[in-house]
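Undergrad: How does the following fold in three dimensions:
(2 chains)
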Amino acid sequence: MNACLLIDFGSTYTKLTAVDLDLGILLGTSSHFTTVSSDIRLGYHRALSLLKEKIGVIPFSKIIACSSAAGGLKMAAVGLVEELTVEAAKRACYGAGGKVDLVFSHFLTKTDIDLMKTKKIDIVLLAGGTDGGNSEVVIHNAKMLASANLKIPIIFAGNKAAQDDIRDIFTEKQVNGFICENIMPKLNVLNIDKAKEVVRKIFLENIIVAKGIKQIESEIDAVMLPTPYAVLKAAELLSKGYLHEEGLGDLVISDVGGATTDLYSLGYGYPKRADVVLKGLSEPFAKRTVEGDLGMRYSALGIDATLSEQERALYLEQGIDMRKEAQFRHDHVDMIALSPYDCEIDRLFGGICHDKAMSRHVGKMEQAYTPMGLLYYQTGKDLTQVKYIIGTGGVVIHDEKPQEMLLKLCADNQKPLELRPVKPQFLIDRQYVLSAMGLLSIDHPEIALKIMKGSLEKI
Amino acid sequence: MKTIVIGVIGADVHAVGNRIIEYVLTNEGYNVVNIGVLSTQEDFINAAIETNAQMIMVSSLYGHGELDCVGLREKCVEAGIGEILLYVGGNIVVGKQDFETVEKRFKDMGFNRVFPPGVTIDQVLPTIKADLETR
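TA: Presented below is the predicted three-dimensional model:
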């Protein structure tokens, strides 16, 4: 048998997936707590023995991993104008599988630099200016970053005209700097693929070493990707298909975790009607957004913070004290909902995460009353025709009624201008295979696609 | 190369003239950043900052230009590009008004050049060239 082992070192769990490459089938999965704070290999060994109990001892011809352990990939996105290069920088970070912990626009200040130090940022992505556009601000910002002696990689992906100056600044101050293509070479044109690739390279060469993940490579072949990057890769494959194996078309993936809510949308999202004008920064086919304030445990207080006093009062009428529930979950991050009441609250929280995260992710339609009649313009992606919504992440996978939560991602009469999915089919990634299949797709896209299509469960 | 941001302001979707302006200015060797129709003041300003533009050229053809243009210069000042050249042209006011008073109103708003209806872009080229020479 030619078998392959795929590992996902998550912040909480280390998840193992074994695949038979000859038959193109899933052999089994197992998981154990991640042990990156002591030795990442311990958790891996335990998960491996659990897997052996299930499927027996199998020699693996290849063992590869992705990781979001030890805080994931903490990035600072720096740009010039908030709606333009700052937004482009954020999208590049998310697309590369990072978490955007800090966002800055215009001139960086000493306070901003101090924040980067206290937040222990892993990588800075510095953008600003279209090619031939503003270079004053990026050069100032590069100088600020270089003289701060942050000892972390800095990627410059801004105005091409400033590249030479910035390379000199990096060399002079011995910064671990990388120069790459502008993420917004022309106004509203997004070009993030090269920047994503540089982030991935830095992740493999620097970050996993710094976080103590590299030591696992004494036992496995390689850590290949940040986990969200692997999920995005899997999602793109699942959407587009491969050779004769058809994809699922436009889709949305939601991953509500303890600390963040991640949404992925696959599709161009162009206007679906002829009378709609598309405005603003162009969108990537595979788009990922991360909401750091929306999560089931660590970020439960953020869920409460999105509620208005009136909404809170309405919940109180039903006997639910949202603030108390959020505080409890925040204080007990290892809480597992068992009672019907706790499950109901978790379902409610999961739904709110979905609802708010989708509002921030999805494109909006706005109306303009003109002398020529009513006209519409669209900013962001139109997801109304999305065929599938895939739920992954503990709260959805383990819930009895995941539909209730997933419905909160869909069209809502209260939000008529948001271009949310109208009639999607819901799928559940119950075996948590997406990240593993992203890894597998590097060498075996056809097998990864077949396994995904086979293992996603219709509800 | 000098950069000019062009676009149609407000709830105005007149796209043809906008394309002609882009074509002519590009042929004249300018770096033209066209933000298109239905553009807000902020769209113009953001584009000018990122592209380091020397001029913003606002078009308006539907009669509400005056309302749409109020405060543009002040916002430019706030955004750090207070010195940028501001042009406006088209059917920029309601009905047929005496152009001298219209021009004065727009100049008081901070526009450097104001053009009446019927002026074509090639007629404006010498003015653009002269104004940009000093920038």
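Undergrad: In the beta-sheet assignment, what are the partners of A:E418?
TA: When assigned by DSSP bridges, A:E418 has beta-bridge partners A:K364.
Undergrad: Run a quick neighbour tally on it.
TA: 19 (other C-beta atoms under 10 Å in any protein chain shown). In this view, the C-beta of every residue, glycine as well, is placed from N, C-alpha and C.
Undergrad: got it, and A:L115?
TA: 16.
Undergrad: Which residue, other than its chain neighbours, is closest to it?
TA: Taking C-beta to C-beta, 6 or more residues apart in numbering or on different chains, and ignoring the residues beside it in sequence, A:L115 has A:L102 as its nearest neighbour in space, at 6.0 Å.
Undergrad: For the one you found, give the beta-bridge partners.
TA: Beta-bridge partners, per DSSP bridges, of A:L102: A:A76.
Undergrad: my guess is it contacts A:D114, does it?
TA: No. Assessed by C-beta atoms under 8 Å, A:L102 is found out of contact with A:D114, at 11.0 Å.
Undergrad: which one of those two has more residues nearby?
TA: A:L102 (16 against 11).
Undergrad: can you pull the contacts of A:G128?
TA: A:V78, A:G79, A:L80, A:T85, A:N134, A:V137, A:V138, A:N141, A:G158, A:N159, B:E50 (C-beta atoms under 8 Å, 6 or more residues apart in numbering or on different chains).
Undergrad: The same query, at a cut-off of 7 Å, please.
TA: A:G79, A:L80, A:T85, A:N134, A:V137, A:V138, A:N141, A:G158, A:N159 (C-beta atoms under 7 Å, 6 or more residues apart in numbering or on different chains).
Undergrad: cool, and A:M75?
TA: Applying C-beta under 7 Å, 6+ apart, the residues near A:M75 are A:C93, A:G98, A:K99, A:V100, A:D101, A:I121, A:D122, A:I123, A:L125.
Undergrad: Now it. Nearest residue, chain neighbours left out?
TA: Closest to A:M75 by C-beta to C-beta, 6+ apart is A:G98, at 4.0 Å.
Undergrad: before we move on, the earlier item: pretty sure the residue nearest to A:L115 contacts A:T118?
TA: No. Counting by C-beta atoms under 7 Å, A:L102 sits too far from A:T118 to count as a contact (10.0 Å).
Undergrad: Mind splitting chain A into its structural domains?
TA: Per automatic domain parsing, the structural domains of chain A span A:1-70+A:214-220, A:73-206, A:246-428.
Undergrad: Out of these, which is the most enclosed?
TA: Ranked by average neighbour count under the criterion mean count of other C-beta atoms under 10 Å in any protein chain shown, those are headed by domain A:73-206 at a mean of 21.
Undergrad: Please name the nearest non-neighbouring residue to A:D22.
TA: A:N2 (5.0 Å).
Undergrad: got the contact list for the one you found?
TA: So A:N2 contacts A:L21, A:D22, A:S61 (C-beta under 7 Å, 6+ apart).
Undergrad: Which of those residues sits closest to chain B?
TA: Ranked by distance to chain B (C-beta to the nearest C-beta), these are led by A:L21 at 47.9 Å.
Undergrad: Mind pulling the model confidence for that closest one?
TA: Listed pLDDT for A:L21 reads 96.
Undergrad: Now intersect the contacts of A:M75 with the strands, please.
TA: When DSSP state E is applied, the contacts of A:M75 are split such that A:K99, A:V100, A:D101, A:I123, A:L125 fall in strands.
Undergrad: I'd like the distance from the residue lying farthest from the centre of chain A to A:F203, if you could.
TA: Most distant residue from the mean C-alpha position of chain A: A:P371, 42.6 Å away (C-alpha atoms, centre = their mean). According to C-beta to C-beta, to the nearest Å, A:P371 stands 53 Å off from A:F203.
Undergrad: A:C180 too?
TA: Applying C-beta to C-beta to A:C180 and A:F203 gives a distance of 14 Å.
Undergrad: before we move on, what about A:I7?
TA: A:I7 is 16 Å from A:F203, by C-beta to C-beta.
Undergrad: With B:R135 instead?
TA: With C-beta to C-beta as the criterion, B:R135 and A:F203 are 43 Å apart.
Undergrad: who touches stretch B:104-116?
TA: B:69-70, B:72-73, B:85-89, B:92, B:99, B:102-103, B:124, B:127, B:131.
Undergrad: distance of A:A436 from B:S59?
TA: Computed as C-beta to C-beta, the A:A436 to B:S59 distance reads 54 Å.
Undergrad: try A:H361
TA: A:H361 sits 33 Å away from B:S59, going by C-beta to C-beta.
Undergrad: cool, A:A88 as well?
TA: For A:A88, the distance to B:S59 - C-beta to C-beta - is 27 Å.
Undergrad: before we move on, what about A:G258?
TA: Taking C-beta to C-beta, one finds A:G258 at 51 Å from B:S59.
Undergrad: Please apply the same query to A:R273.
TA: 25 Å.
Undergrad: now what about stretch A:135-146, what contacts it?
TA: So stretch A:135-146 is contacted by A:78, A:80, A:106-108, A:113, A:124, A:126, A:128-129, A:154, A:156, A:158-159, A:161-162, A:165-166, A:169-170, A:173, A:175 (C-beta under 7 Å, 6+ apart).
Undergrad: chain center to that stretch, what's the gap?
TA: 28 Å (C-alpha atoms, centre = their mean, to the nearest Å).
Undergrad: For stretch A:259-277, measure first residue to last.
TA: Terminal residues of stretch A:259-277 lie 37 Å apart, using C-alpha to C-alpha, to the nearest Å.
Undergrad: Relative to the whole chain's centre, how far out is it?
TA: The answer for stretch A:259-277 is 15 Å, by C-alpha atoms, centre = their mean.
Undergrad: can you tell if that stretch touches chain B?
TA: Yes. Using C-beta under 7 Å from any C-beta of the partner chain, stretch A:259-277 reaches chain B at A:V277.
Undergrad: Kindly provide the whole-number mean pLDDT of that stretch.
TA: 92.
Undergrad: Let me see the backbone angles for the residue nearest to A:F328 when sequence neighbours are not counted.
TA: The shortest distance from A:F328 to any non-neighbouring residue, by C-beta to C-beta, 6+ apart, is to A:M335 (7.3 Å). Here is the backbone geometry of A:M335 (degrees, to the nearest 10): phi -60, psi 130.
Undergrad: Go ahead and confirm A:M335 touches A:R329.
TA: Yes. If you go by C-beta under 7 Å, A:M335 and A:R329 touch, sitting 6.0 Å apart.
Undergrad: Overlap in contacts, those two.
TA: Joint contacts of A:M335 and A:R329 (C-beta under 7 Å, 6+ apart) are A:R297.
Undergrad: average model confidence for the one helix or strand B:V32 maps to?
TA: Using DSSP states H and E, B:V32 maps to strand B:31-34. Regarding strand B:31-34, the rounded mean pLDDT is 96.
Undergrad: Enumerate the residues of the stretch 301-450 of chain A near chain B.
TA: A:A368, A:Y369, A:T370, A:P371, A:M372, A:L375, A:Y377.
Undergrad: okay, now the residue lying closest to the second one once chain neighbours are set aside: neighbour count?
TA: The one in question is A:Y369. Counting by C-beta to C-beta, 6+ apart, A:Y369 lies nearest to B:A11, which is 6.2 Å off, once chain neighbours are set aside. Using other C-beta under 10 Å, B:A11 is surrounded by 20 other residues.
Undergrad: I'd say A:D8 and A:T227 touch.
TA: Yes. In this structure A:D8 lies within contact range of A:T227 using C-beta under 7 Å: 5.7 Å.
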